[in-house]
Every structure is written in structure tokens, then in C-alpha cells.
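Q: the amino acid sequence is not available; the structure is as follows:
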């Protein structure tokens, strides 16, 4: 009953939001009309449709209206995944999974004897501020900085636990396949995939390939032309156009603007900037982090510490830590995610006004920071990074963390990966299973984290460009399968999971687009 | 073929064993990779060594004109002045004002008074690795410190003081500098290669120029030797960032044109610094030299040349570092051995990670060809 009430609330919320957006759009339309009417009435003949279009362009209204209409359309067509799953076994598995996470969190809190929520103790670091007449030699000195994570802290769960949960879902039809996903789920066929991703065909020039290989003059020409086209798309303010553009890769300098536009963030002249509303909102979240301590804080921080060891992302550890903690306080997240990630842990505490712990409804797990890390190579400021990361998670990555049968979520994506490898290279799959290596055990973290940690950040972003462009995550399964087939010769010699994992230690040399192309169109042009 | 070296680092030993035959301790070597002191000794007139045609050595007989900071700055400033006089083009200055103390003390005071709010950085002229470094913000700090000290100073104990770049470009709030690898195979005519690999070295602490931090090396100094002592020093990456990642970040946050300009300016800085000392270096045809360029980028994305090292560290601090340095030396050998055997008068194309940055002979003949063309057409 309670769950049904919550879903009904949810639907009301969505409806209210749609109405608000429609009102906002009609407000813009009214202002545009009033503004343009003066010009049109001055004419000595009745205005034609072209006159009106021209007047809207001239007055600068066309772009704004296009964006508003697109938002409305998007709001109306994005379907949220709510309620019970259509398969009882999956529904059961999800309930168990969510309950075990919350049990673990309660266990950690009671072991460490801390409440779920409490006021944060202020840590004051004294600084020497006075100027001196002495010349001070630079000397190595111990500087006290607060330790963020208590030694011995453990993660609530990691990808291996998730894999375990996936492999224990019973199939209603007693399907005994080779893969770990025993459910019979509808997955796209190769023909369907080729059609869906036709813009990736080798006959179409791709950013990330044709700007770096081939004749030097030719590739420079392509890079210039592609960059220019991207600027035109952005100037139009036509979001579907920008989306089609992103399918063939976005140059690094245009990513901030293209990502903001495709993620539905407010348009800014300088794409590194954020709106006044965004600034205030983020500051408010940071204030809440500073005043209230959640039991989940250390668990998120522990995840961020892994970033500090990474030779690509380490410089951004502080920025990422701040973003992730702010995210955990953000009650916008459960309201706007396409699908709810975990079951909220209810909490009766005046400090939180009835909000669950954490308010974002995403329990900390190992690797979560991966969803924000590559975006540090797109957005230089913490606030702009935050809103892109939050939108990306709400629209796409939350799907990779739920146990459901809905299309474009984790289970069907895992099933697609397994099916593609079996179809493309049955001998490889069979060999691996025989030596005790489940391909999904290796590929799950790749799929779950959008290939962060395996690929170089340049390649990760070239892949994420396409995720936004196609608005679809099946590319993750295709790429994982492509990498397995590409490395099949080596994999056919491995004899253990450790050995197989070791073979991907050099993942940073892999290139996304050629791999996808060779897999989807092995016959070439 | 035989090779000789006074170094035991993996990058040298492994590459030379693979490419240059047997190791020798005698004078029968074909390639010698030595410390600058040992190579200089080789060229000492008292020794009267005459190198054979088939011998190559990894330093030019002199290099202080380029690698002693005060001398380098003097040479570059003079060269820039000459360039500015000769042509009406804009002078691209890339060296911070630098003086030798106590020798140039009065010049320094003059400069200091011109911009009283500037910060200066003072280092011993002959030491490295981050010892004896001071940041100076007030003249009387320096006077007090030096009182009675400089009267008895030997030349070998002098200090180099430079204008501090106090608005560095920051990434993630931290200061960094860039290390680039440059190979010179001839000074007259000048031939320069640049390696595609390089890295940014980051401070472990956030940059904060307030007076309270003037004594904190983790905020101001990027040397790995210094940062290694920090509590936050990380074994996995050693505070080093790939040059490609640096460019990707600059392109996204500052735009395509700004990134292209920065990297073009760095190329220009390398070539100009070498042209500035071209006449002073003894151009021995047996010599080549692989320099480590330290470049600091300010907040306007203008590069500043901090220092040139004639023997950049080849020992590795991380896995990525080891791979990179092995590749660097492999490519150095590739260029110098092929230049030596194939053609001394032509630069090597496609030599591993090295690309030709400047080829004076080639540019001259190209310019001559261009000048000849219209005349032909005129006939």
C-alpha cells in the first residue's frame, strides 16, 4: 500500500513538473508574441508564416522557444521506471538486494556507534597569518589536515556483490544457458544494433578517429570542419541537431556546451559558467554538508580516495569529493532519476526533516565517483561539474545500478553483452566458462561504470559523447563484447579470472570507435 | 659496436644493451652516455682526446650557457633584444627577469623597486632538488638575511634570484610545471627534435599565495624530489600527469584556440632558447644532447621557461614513468644512430616519439627555393 501511495505521489510530482514547464514555455511564447507583434503590425500587408519566423529569429526568440519546446517534448516522452517489476523473481531479487544494502549500512553505523545523522563537529585549522621580516627557507614540514576516513572502513558493496546478486536471480523458465544472466530478456539483434548505430559506420567520418589518423593535412581539415559544424549546431540552439552531432564525437572544446545542452541544463553563453540559481543551489548543498554529518559520508569519501591513486584523476580528488558529498544531500535526485537506485533508509531526525539517509537515495558503493571523474576533463569549475554529473546520473547512469527487466537497464545490458560474445565467438565464451571465468565478471564493472577505469579518459569521453547522442546505453554492451572479441587470442590462453583480468591492465591503449566499428561491421566499408 | 656509460638506470642499460652491442669500460666505445662532468672531461684540452668518426657522445662540450639559469636568461634577453632590433616583429619574451646574487645585487634592487609588490624566488646557483630555496617579498627580508653573509661568499655559493610567476595556471586548484624532452643533434646548423611524451608535475597542496604559505614547499615547488617528502605524496602516480591529459583539460576549459596557442608558444620557446645560445655552444659533430625543459604556465596560458636540464632524471618513480623513459631513450638512440649512419645532413622523420621541431638547414634551403621560384616564373 505504502509503495503504491509513493508511486502515485511520484506521478503527481511528474505531472506538476510538466505543468510548470508548460507554463514557463507559454510565458516565453507570450513574451515573444508581444515583442514580435509590434514589428509585424508595422508592415503594410498581413504577415506571412515566413515573416513570423523571420521576426522570431531577428528578435532572438527562436532559439529560446526551440529549447523550451524541446524540454516539453522531452518531459512528455521520458518514461520513468516505477513500481513492481514484471517478473516476480526479479522483483524478489531487487527487494533482497535493497534490503541487504540497508542492513549493511545499519550494521556499519552500529559497529562504529555513530547515529545515521548528526551535527558535524567543526574542525578549525589555525593558520599563521602574520607577515614576517625574516626570510623563511622552504622546509618540509608536517601539515595537519583532517583524516577523512577511519581506517578499517569497508564498502557497502562493490561490483562483485552486484554480480553475485545478478547471478542468483532465478529464471522462471529454467533456462540453462552459458551466461550468468539466466533470464530470457528481449535484447537487440545485430541487425537492429547496426541500424540503431548507423552513424558509427566507417563510411561516416568520426571525431576520435579521423582527426587523429591518416594524412596530416586531411585530418586537420576534418578537425576544423567538424569543429565549425559543432559551433553552428550550438548557435542554432536546436537540441536534436546537437544530439545527432554528438553521435559522431564532440571536440573537447565544444563538450562543455554540447553536454550542457544535451543534458537539459540552462543555456549559458560561457558553458563553463552556471546560472545564478545553480550557484545558490550548490552552495546550499555544500552548507548542508558542512553542518550535518551522515553515516554515508565516510563511505563516499573512501571511494573518492581511490581516485587519489589514479594517475589521470588524482588532481581532482578534492573537487570530486565535494561533488559526491553534495550529491548525497540532494533531494532533487530521487525526484528526477529515471529510475530509483536504492530503497531509501527512513530516518527520524529533526536535522533532516523526515528525509531518508542519504537524501539522494543512492547508497555509497565502490566506484560511484567514476560517474563524475571523466567530467573533470569537461568542466573546470566545481559547480558546473556538479550539475552535469547529477544530470548524467539521473538520465542515464542510474539505469546501470538497478535490478529490473526494463529495457536499457543493467540486466538486459548484461544479457546483451553475453549474447553478443556467444554469437560472435562461441568458442571463446565456452572456453572461458570452462576454465572458470565468467566473461560478465570482467565486463560488469566496465558496463556499470561507463568504462571508467579501463579506458583512457579521452576514449571514455568519446564514448560518453555517443551515449548522449544516441540516448541509449546498449553501446556499453557492444563495446564490452567488442573488446572481448578483439582480445580473444590472448583470452584463449588464460586459465584463471586473475589472469584474464590482468590481460586488460593495459586497457588505456584501447580505442572506442575502431573497436565498435570492427565489431558491428566486420566486413569493413 | 660498443657502448659505455657511467649510469646504471634501467632506461640506459636496457636500451643500450639492446641497440649498441657490448658494454665497455675502455676507450673503444661507439656511443658514450655519460654525466655532463665526465663528458666535459673528455673534451678537456689537456687530455687531447680525438674522437673517431664512429663515436657519439650525449653532451656538447659546454652547456652552462643554456643550463645555468642566470646565463641562459642573459643569453635569451640579449638575443631577444637583437631580434627586436633587426625586425619589426613582436618580441615573445619567455624568461622571467633573473639575476645572480650577490654579483648583480644592485641590478636586482633596481628591478625590485620597479615592481615593489612582486614576489621573487631565490635558489642556490649550484644546487638542485629543492634545498635552500626562499621566496622574497620584501627587500629588507633579503638584506637582513644576507647581512654579513655575502662579504665572504665564494663564487660557487652564489644565488640565482628570479621574478616569481605568482599567478600560475592551476588545475584542480594546484600548481604544476611541465617537463618536455628536447633532442639537439647539431647546433650549426641547428636541428631540434621534440618528444611527444612529457608530463606535468603537480604540487600536493592547493595553491595559496598568502604570506603564511611562503615557507611551504608543497604549495610552491613542483620538484618530485621535494614533493616526495610530503605526507600526501602518492606512490601510484607521483603527482605526474600525462601531457596529453593536460592538453585535453586546457582545450575543454579554455577553448581550442587557446590550447593550440599555448602548445605553439611552447614550441617557439624551445626553438628560440636554443637559437639564443647557438653561437656559444661548441658544435662538435660527435655530440648530441637530450634536454629536459621545465616550463611554467601562467594563468593567461603564457609559458615561461624556468630551467633547462642537460641531464634530466632518467630514473623512474612510477610504472608509467618507467615506460615513458624507456621509450624516450629508445627514441634518442633511434634518431642519433640513424642520423649517424644514414644521413647526417637530413633530419629523421618518424623517429619514434620524436618529431622535428626545427631544422635550420632545411628551412634555409626551403627559403632559397622559395626565393628562386618567382624569378624563374619571371623569365
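A: Sure thing, it's come through. Fair warning: this is a prediction, and the values are worked out from it, not measured in the lab.
Q: quick check: longest helix in chain A by residues?
A: Using DSSP state H to define each element, chain A has its longest helix at helix A:2-41.
Q: average pLDDT for that one?
A: Averaged across helix A:2-41, the pLDDT comes to 74.
Q: who are the packing partners of it?
A: Applying 3 or more Cβ pairs under 8 Å, 6 or more residues apart in numbering or on different chains; DSSP states H and E, one finds that helix A:2-41 makes contact with helix A:49-58, helix A:61-77. Heads up, the C-betas are built off the backbone N, CA and C, glycines and all.
Q: out of the ones you listed, which gets nearest to chain B?
A: Of all these, it is helix A:61-77 that lies closest to chain B, at 21.3 Å by Cβ to the nearest Cβ.
Q: quick one: the closest one to chain centroid distance?
A: In terms of Cα atoms, centre = their mean, to the nearest Å, the centre of helix A:61-77 is set 22 Å apart from its chain centre.
Q: that helix packs against which elements?
A: Other helices and strands packing on helix A:61-77, by 3+ Cβ pairs under 8 Å, 6+ apart, are helix A:2-41, helix A:49-58, helix A:239-246.
Q: now do the helix or strand bottoming out on mean pLDDT in chain A against helix A:61-77, angle only.
A: Using mean pLDDT, DSSP states H and E, the weakest-scoring helix or strand in chain A turns out to be helix A:2-41, at a mean of 74. Computed by axes from the mean of the first three to the mean of the last three Cα atoms, to 10 degrees, the angle separating helix A:2-41 from helix A:61-77 equals 160 degrees.
Q: and helix A:2-41, how far from the chain's centre?
A: Averaging C-alpha coordinates over helix A:2-41 and over its chain gives two centres that are 26 Å apart (Cα atoms, centre = their mean).
Q: what does stretch B:102-111 give?
A: What separates the centre of stretch B:102-111 from the centre of its chain is 25 Å, taken as Cα atoms, centre = their mean.
Q: residues of the one helix or strand residue A:222 maps to that come out buried?
A: Under the criterion of DSSP states H and E, residue A:222 resides in helix A:216-236. Under the neighbour-count criterion of 16 or more other Cβ atoms under 10 Å in any protein chain shown, helix A:216-236 has A:219, A:222-223, A:226-227, A:230, A:233-234 buried.
Q: any idea of the pLDDT on residue A:454?
A: Looking at residue A:454, its pLDDT reads 96.
Q: quick check: residue B:135 is in a strand.
A: Yes. Secondary structure assignment (DSSP: H, G, I helix; E, B strand; the rest coil) places residue B:135 inside a strand.
Q: mind listing what the closest residue to it other than its chain neighbours touches?
A: Sequence neighbours aside, residue B:214 is the residue nearest to residue B:135 in space, at 4.6 Å (criterion: Cβ to Cβ, 6 or more residues apart in numbering or on different chains). Residues in contact with residue B:214 (Cβ atoms under 8 Å, 6 or more residues apart in numbering or on different chains) are A:136, B:135, B:137, B:220.
Q: from these, which would you call buried?
A: The buried subset of those (16+ other Cβ under 10 Å) comprises B:135, B:137, B:220.
Q: distance check, residue A:474 against chain B.
A: Taking Cβ to the nearest Cβ, to the nearest Å as the criterion, residue A:474 is separated from chain B by 27 Å.
Q: and that residue, how many neighbours?
A: The number of residues packed near residue A:474 is 22, by other Cβ atoms under 10 Å in any protein chain shown.
Q: quick one, domains of the chain?
A: Looking at chain A here, since you left the chain open. Domain assignment for chain A, taken from automatic domain parsing, gives A:2-77, A:202-262, A:276-399, A:403-520.
Q: wrong one, chain B
A: Following the assignment in automatic domain parsing, chain B carries domains at B:2-57, B:82-95+B:173-372, B:97-164.
Q: so which residues of the stretch 1-150 of chain B form strands?
A: Here the stretch 1-150 of chain B has its strands, by DSSP state E, counting those that start in this stretch, at B:2-5, B:22-23, B:31-33, B:56-57, B:98-101, B:120-124, B:134-136.
Q: ok, chain A next?
A: Here chain A has its strands, by DSSP state E, at A:117-119, A:292-294.
Q: winner for burial among the ones you listed?
A: With neighbours taken as mean count of other Cβ atoms under 10 Å in any protein chain shown, the strands of chain A reach their highest mean count in strand A:292-294, at a mean of 20.
Q: in its sheet, what does that one sit against?
A: Paired neighbours of strand A:292-294 in the sheet (DSSP bridges): strand A:117-119 (antiparallel).
Q: any idea how far the partner strand is from the middle of the chain?
A: Relative to its parent chain, strand A:117-119 has a centroid offset of 29 Å by Cα atoms, centre = their mean.
Q: what does it contact?
A: Outside strand A:117-119, the residues that touch it by Cβ under 8 Å, 6+ apart are A:291-295, A:347, A:349, A:351-352, A:357.
Q: my read is that residue B:360 contacts residue B:185, right?
A: No. Because the distance of 11.5 Å does not satisfy Cβ atoms under 8 Å, residue B:360 is recorded as not touching residue B:185.
Q: where do the contact lists of those two overlap?
A: Common neighbours of residue B:360 and residue B:185 are listed as residue B:191 (criterion: Cβ under 8 Å, 6+ apart).
Q: and the stretch 251-379 of chain B, which of its residues are near chain A?
A: Residues of the stretch 251-379 of chain B found near chain A (Cβ under 8 Å from any Cβ of the partner chain) are B:251-253, B:255-256, B:259, B:318, B:320.
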